[in-house]
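# need a structure here:
(one chain, ligands or ions: 2)
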Amino acid sequence: MRIIEAEGISKHYGEGEALVKSVDQVTLSIQAHEITAIVGKSGSGKTTLLHILGGLEPPDAGTVRVLGRSLYELPDSRRTRFRREHIGFIFQKFQLIPELTVRQNIRLPLEVAGKKVDRELEAELLSLLDLEDRVDFYPHQLSGGGQQRTAIARALLVKPELVLADEPTGNIDQEAGAALLEFIRESHRRFGQTFVVVTHDPEVAAMAHRRIFIRDGRVSEEIFQENCSGEGGGEQPEAAQGLPWKFSAEGRAEL
Ligand SMILES: Nc1ncnc2c1ncn2[C@@H]1O[C@H](COP(=O)(O)OP(=O)(O)OP(=O)(O)O)[C@@H](O)[C@H]1O
Ligand SMILES: [Mg+2]
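Ligands and ions are numbered 1, 2, ... in the order given. Just a heads-up that it's a prediction; the model follows:
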């Protein structure tokens with residue numbers, strides 16, 4: 001089943017000489033219950049694309065269907081509600097509420113939706129993300145990694161069907177990153193969630209079932225790997241050139 005179907009989406013900024021085609025006529029689909037990695041150089045349009053797919057940014061052209069619903073045909077308030085119910089978003093820039101503590105930030109989406117907090121999952125996330133000692137801190141009292149880990153906990157506590165994550169390991173150390181990947185894998189097994197992860201991180205790309213390469217706002221290649229532990233495949237996509245890593249003959253991503 002396709003959980004996201006995007007057709008002919010474009011988003012341009014500026015005009016004339018300054019025109020930037022952040023997303024340029026992209027058609028793609030995301031399979032439900034898969035982990036998809038979106039990979040591409042800085043400025044290639046990954047964040048813009050993810051925001052459009054997640055109902056956060058209307059495209060200039062094209063349509064986005066999530067769970068069969070045409071997102072941008074919904075009135076704003078219904079799109080917001082739909083997003084809250086079905087999509088967990090981990091922002092590249094975290095977007096925590098400065099006036100709220102870690103715990104309040106993490107619980108906010110559930111409170112807004114009038115849902116109960118799963119205390120067990122909350123404790124698990126706080127421990128996994130090493131936030132137990134920080135629950136009463138405000139975002140400005142956290143490191144960049146701490147803010148990122150809070151943003152991750154906030155998105156996952158909702159147990160959304162669809163998790164869109166923008167560079168979730170960009171600001172955290174390798175150990176925390178590895179723990180997060182293990183959790184994503186486990187969460188995917190346990191809840192059958194669908195993950196779309198924008199990443200520069202070879203470990204993340206290696207564990208994905210599918211990798212979508214973005215170049216200059218366009219999808220340049222798509223690779224499906226049967227075995228997402230990194231075996232099989234071995235293709236060296238053109239779009240991977242210029243990235244700080246490549247795929248080995250076994251399909252493993254290497255720095
Ligand atoms: N609000 C905006 N106004 C003008 N230009 C924008 C805006 N948002 C994005 N862009 C431009 O669109 C292009 C793609 O940006 P985007 O943030 O999507 O890239 P990215 O692939 O996520 O990069 P990174 O890996 O550095 O996060 C860039 O050239 C960026 O400057
Ligand atoms: Mg980005």
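# tell me, how many residues neighbour residue 214?
A total of 24 residues lie near residue 214 under the criterion other C-beta atoms under 10 Å. (Glycine included, C-beta is placed from N, CA and C.)
# what strands line up against the helix or strand hosting it, and which way round?
In the assignment (DSSP states H and E), residue 214 maps to strand 210-215. Strand pairing for strand 210-215, determined by DSSP bridges: strand 35-39 (parallel), strand 218-224 (antiparallel).
# now mean pLDDT and mean neighbour count too, for the ones you listed, in JSON lines please.
Shown next, in JSON lines, are the strands paired with strand 210-215 (pLDDT from 0 to 100; neighbours: other C-beta atoms under 10 Å):
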{"stretch": "strand 35-39", "mean pLDDT": "94", "mean neighbour count": "26"}
{"stretch": "strand 218-224", "mean pLDDT": "86", "mean neighbour count": "17"}
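# so which of these comes closest to residue 193?
Across the strands paired with strand 210-215, residue 193 has its closest neighbour in strand 35-39 (8.9 Å, C-beta to C-beta).
# any part of that closest one near ligand 1?
No - using C-beta under 6 Å from any ligand atom, strand 35-39 never reaches ligand 1; the gap is at least 8.7 Å.
# could I have that strand exported to PDB, CA atoms only?
Output of strand 35-39 as PDB, limited to C-alpha atoms (Å, rounded to 0.1, in the frame of the first residue of the first chain):
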ATOM      1  CA  ILE A  35      11.700   2.800   6.100                       C
ATOM      2  CA  THR A  36      12.600   5.200   3.200                       C
ATOM      3  CA  ALA A  37      15.700   7.300   3.300                       C
ATOM      4  CA  ILE A  38      15.900  10.500   1.300                       C
ATOM      5  CA  VAL A  39      19.400  11.400   0.500                       C
END
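# that strand and ligand 2 in contact?
No - applying C-beta under 5 Å from the ion, one finds strand 35-39 separated from ligand 2 by no less than 9.7 Å.
# next SSE downstream of that strand?
For strand 35-39, the following helix or strand on the C-terminal side (DSSP H and E) is helix 46-53.
# alpha carbons only: can I get that next one in CSV?
Output in CSV follows, covering the C-alpha atoms of helix 46-53 (Å, rounded to 0.1, in the frame of the first residue of the first chain):
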residue,chain,number,x,y,z
LYS,A,46,15.1,17.6,1.0
THR,A,47,13.6,19.7,3.8
THR,A,48,11.3,21.5,1.4
LEU,A,49,10.1,18.1,0.0
LEU,A,50,9.6,16.6,3.4
HIS,A,51,7.5,19.6,4.5
ILE,A,52,5.4,19.3,1.4
LEU,A,53,4.9,15.6,2.0
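# and it, average pLDDT?
Here helix 46-53 scores 97 as its mean pLDDT.
# contact partners of it?
Helix 46-53 is contacted from outside by 4, 6, 9, 11, 22-23, 26, 30, 38-40, 57-59, 64, 66, 92, 164, 166, 196, 198, 214, 217, using C-beta atoms under 8 Å, 6 or more residues apart in numbering.
# mind listing which of the residues you listed are in strands?
The strands, defined by DSSP state E, take in 4, 6, 9, 11, 22-23, 26, 30, 38-39, 64, 66, 164, 166, 196, 198, 214 from the contacts of helix 46-53.
# buried members of these into ChimeraX, please.
Here is the ChimeraX command that picks out the buried ones among these, judged by 16 or more other C-beta atoms under 10 Å:
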select :4,6,9,11,22,23,26,30,38,39,64,66,164,166,196,198,214
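# OK, contacts around residue 168?
Residue 168 sits next to 90, 148, 152, 180, 197, 199, 204 when contact means C-beta under 8 Å, 6+ apart.
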